[in-house]
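J.: Need coordinates for the following:
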Amino acid sequence: MPKNVPSLKPRELLRILMGNGCSFLRHGKGDHDIYLRIVEKHTKLEANMRTEKVAFNVPVDILASLKIGARGLESDMRRSLAVQYFKNKRLSLGKSAKLAGMNRIDFMDHLAAEGCVVFDYDESALKEELQGIAALEEMKR
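T.: Numbers count the residues shown, from 1 in each chain. Presented below is the predicted three-dimensional model:
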């Protein structure tokens, strides 16, 4: 997620989408709606992600001990939860990355830094993948 981008309330986002020529296409999988806009004969899909606000109180002395502010704590908690949910197979890689506020590639790097296995292949699946790679390399020659 880019920094210094103000968050929008769902109604405000809808107003902007509709005001810029987007029209409702369908409900997406999960928690979002898909809006469509034709741009120079190309179709663009735009999503309106519905969210829930989660809030709780944290004693100031804990923040002081951690030497972080509320935003730092939120970021740490998002990343920690995302890693934990991914490890426990409660969320997919994409959903975990979204929870962490990262793109998939950055989240995979974060998982590696945390010592988490991103691609969990058993021996037969790994052999099959390696054979496929070898076959592709042979086709290149």
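J.: all contacts plus neighbour counts: C-alpha atoms, from now on.
T.: Noted.
J.: which secondary element of this structure has the worst mean pLDDT?
T.: Lowest by mean pLDDT, DSSP states H and E among the helices and strands of the chain is strand 42-49, with a mean of 52.
J.: Would you mark the buried spots in the following helix or strand past that one?
T.: Note on strand 42-49: by DSSP states H and E, the next helix or strand toward the C-terminus is helix 60-66. Using 16 or more other C-alpha atoms under 10 Å as the test for burial, helix 60-66 gives no buried residues.
J.: helices and strands around helix 60-66, which ones?
T.: Contacts defined by 3 or more C-alpha pairs under 8 Å, 6 or more residues apart in numbering; DSSP states H and E place helix 60-66 against no helix or strand at all.
J.: Report the rounded mean pLDDT for it.
T.: Averaged across helix 60-66, the pLDDT comes to 91.
J.: which residues sit against it?
T.: 69-70, 73 (C-alpha atoms under 8 Å, 6 or more residues apart in numbering).
J.: go again using 10 Å as the cut-off
T.: Identification of contacts with helix 60-66 by C-alpha atoms under 10 Å, 6 or more residues apart in numbering yields 67-70, 72-73.
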